[in-house]
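**Student:** got a sequence here, can you model it:
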Amino acid sequence: MQTTEIPKDYEHTSPAGAEIRVLMNNEHGGIAHCTLKDKIVSKAVRHKTVSEFWHVLSGSGTIWRKNDGEKEITPLVVGVTIDIPLGTDFQYRSDEGDLVFICVTMPPWSGADEASYVADGAWEATVK
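**Tutor:** Numbering: from 1, shown residues only. All right, here's what the predicted structure looks like:
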């Protein structure tokens, strides 16, 4: 059994550009507290092995998702939960305040090489 609290400092930056505070992992999945700083546009990415669920805790933003030719732009506001199925291209931005969300990955995050960059996202990334 595990118990944890949100770490004060972030542990690393996601391939897309968010600050990541890992909360917990096991053989089935992982959960992290994520922050995309105010007015930042992430890099567009696609995961190689994981699906994700996100739940927005604070701030607001927008996510673009593309899967099997279907594209969708969704507002990310407090209380919204979205999925990112395996093989989905996605990009997100923080529109008002830091965008803070919980991210669940299934299976667990495998490391920085989990994501590949996508050339045709919805917006020009401000993350370098």
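**Student:** who is the residue nearest the centre of the chain paired with across the strands?
**Tutor:** In the chain, the centroid-proximal residue (CA atoms, centre = their mean) is residue 103; its distance is 6.4 Å. Bridge pairing for residue 103 (DSSP bridges) gives the partners residue 32, residue 54.
**Student:** surely it meets residue 56?
**Tutor:** No. The pair residue 103 / residue 56 is not scored as a contact, 10.5 Å apart, by CB atoms under 8 Å. All C-beta atoms are positioned from the backbone trio N, CA, C, and that covers glycine.
**Student:** returning to that earlier point: got a pLDDT number for the residue nearest to the centre of the chain?
**Tutor:** Per-residue confidence (pLDDT) for residue 103: 98.
**Student:** do the same with residue 7
**Tutor:** 96.
**Student:** for it, what are its contacts?
**Tutor:** 21, 22, 33 (CB atoms under 8 Å, 6 or more residues apart in numbering).
**Student:** the last one: neighbour count?
**Tutor:** This means residue 33. Residue 33 sits with 19 neighbouring residues when counted by other CB atoms under 10 Å.
**Student:** measure it to residue 93 for me?
**Tutor:** 19 Å (CB to CB, to the nearest Å).
**Student:** look up phi and psi at the closest residue to residue 13 other than its chain neighbours.
**Tutor:** Leaving out its chain neighbours, the residue that sits closest to residue 13 by CB to CB, 6 or more residues apart in numbering is residue 19, at 6.1 Å. Phi and psi for residue 19, reported as degrees, to the nearest 10, are phi -80, psi 130.
**Student:** show me the contacts for residue 19.
**Tutor:** With the criterion set at CB under 8 Å, 6+ apart, residue 19 makes contact with 10, 13, 34, 35, 36, 37.
**Student:** and these, which are buried?
**Tutor:** Among the contacts of residue 19, those that count as buried by neighbour count (16 or more other CB atoms under 10 Å) are 10, 34, 35, 36.
**Student:** ok, so of those residues, who is nearest residue 127?
**Tutor:** residue 36 (8.6 Å; CB to CB).
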